[in-house]
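Engineer: Sequence and predicted structure, then a few things I'm wondering about:
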Amino acid sequence: MQLEKYLDSTYLKTPEQAGISKEETLLILKNLTDEAIENQIFAVMIRPDFVNEIRTYLDEKNSKVRLGTVIGFPEGTFTEKEKLEEAEKAISDGADELDFVVNYEALKKGNLDLVESEFLNCTSLALKNKKIAKWIIEIATLNENQIAEICQKISTWAKENFKEDQLKNIFIKSSTGFYKTENDKPNGATFEGIKIMLENSNGLPVKAAGGVKTNEDAVKMINLGVTRIGTSSAKALLQNSKSEGIY
């Protein structure tokens, strides 16, 4: 198994969250990018503020590593207009993939019209620009029925509004990795949650993010059927050593 082909190597802390400068953050991201290039990791996933610099860095190295970023991250409560504006800027700056956070608070309140509208318009923007759109549903905030429901809805909306050959570019993703849970409950991908996602995504690709800490867990996720894995310790997973990353 070429595990590296499934990995999105991820660093999503802001300088403020890490207690470091923007320049120090950029250095971390360049090191992350070098690691991805050296290990043939599929993609790097970073904050929108750094997309322009890392796009230039990848181009200078003539690398095929994909560049992804997050939109409406991490809480998902950005308005649709704000998500579209952030996505447009990321596309202009050179992002290949856009990981949008579903407004899961609206979802839990039953406001499916809002969730559907942001899904359709943001996905349309991504696909029109030949980008991949991933939708983070934040499974740690949802019960099993809600996980199944939103996966079914996203699949239905996708199939009703986009061409069949576009569906491979619309992912459902488990988690941001930044949600604060109580009593040390998992805040990322779990095998149980991923199984529900796969059973209800009706063929849309699924990304497991957060909580995949070992090579064994990564291989198990892939064998279940996930197409991508988001991790802050991609190299550790490849070397079959335990990840110390938070994501």
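Structural biologist: All right, it came through fine. Numbers count the residues shown, from 1 in each chain.

Engineer: how long is stretch 224-232 end to end?
Structural biologist: Start-to-end span of stretch 224-232 (Cα to Cα, to the nearest Å) is 21 Å.

Engineer: Outside of that stretch itself, which residues are in contact with it?
Structural biologist: 6-12, 42-43, 45, 134, 171, 173, 177, 189, 191, 194-195, 198, 205-210, 212, 218, 221-222, 237, 243, 245-247 (Cβ atoms under 8 Å, 6 or more residues apart in numbering). (Glycine included, C-beta is placed from N, CA and C.)

Engineer: Okay, and which of those map to helices?
Structural biologist: If you go by DSSP state H, the contacts of stretch 224-232 have 191, 194-195, 198, 218, 221-222, 237 in helices.

Engineer: Which stretches in the protein count as helices?
Structural biologist: With DSSP H, the ranges of helices along the chain come out as 15-18, 22-38, 51-60, 80-93, 104-108, 112-128, 144-161, 191-200, 215-224, 234-238.

Engineer: What residues sit buried inside the fifth one?
Structural biologist: Along helix 104-108, these residues count as buried under the neighbour rule (16 or more other Cβ atoms under 10 Å): 104, 106-107.

Engineer: The least confident helix or strand in the chain by mean pLDDT packs against which elements?
Structural biologist: Using mean pLDDT, DSSP states H and E, helix 234-238 stands out as the lowest-scoring helix or strand of the chain, at a mean of 92. If you count contacts as 3 or more Cβ pairs under 8 Å, 6 or more residues apart in numbering; DSSP states H and E, helix 234-238 packs onto strand 7-10, helix 22-38, helix 215-224.

Engineer: Mind checking the helices of the chain for the one nearest to Glu138?
Structural biologist: helix 104-108 (4.9 Å; Cβ to Cβ).

Engineer: For that closest one, which helices and strands make contact with it?
Structural biologist: Contacts defined by 3+ Cβ pairs under 8 Å, 6+ apart place helix 104-108 against helix 112-128, helix 144-161.

Engineer: any residues touching that helix, and which ones?
Structural biologist: Contacts to helix 104-108, defined as Cβ under 8 Å, 6+ apart, come from residues 75-77, 114-115, 137-138, 141-142, 146, 150.

Engineer: Take these and lay them out in JSON lines including neighbour count and pLDDT.
Structural biologist: Putting the contacts of helix 104-108 into JSON lines (neighbours: other Cβ atoms under 10 Å; pLDDT from 0 to 100) gives the following:
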{"residue": "Glu75", "neighbour count": "14", "pLDDT": "95"}
{"residue": "Gly76", "neighbour count": "25", "pLDDT": "96"}
{"residue": "Thr77", "neighbour count": "12", "pLDDT": "96"}
{"residue": "Leu114", "neighbour count": "16", "pLDDT": "98"}
{"residue": "Val115", "neighbour count": "25", "pLDDT": "98"}
{"residue": "Ile137", "neighbour count": "27", "pLDDT": "98"}
{"residue": "Glu138", "neighbour count": "27", "pLDDT": "97"}
{"residue": "Thr141", "neighbour count": "19", "pLDDT": "95"}
{"residue": "Leu142", "neighbour count": "19", "pLDDT": "96"}
{"residue": "Gln146", "neighbour count": "16", "pLDDT": "96"}
{"residue": "Ile150", "neighbour count": "25", "pLDDT": "98"}
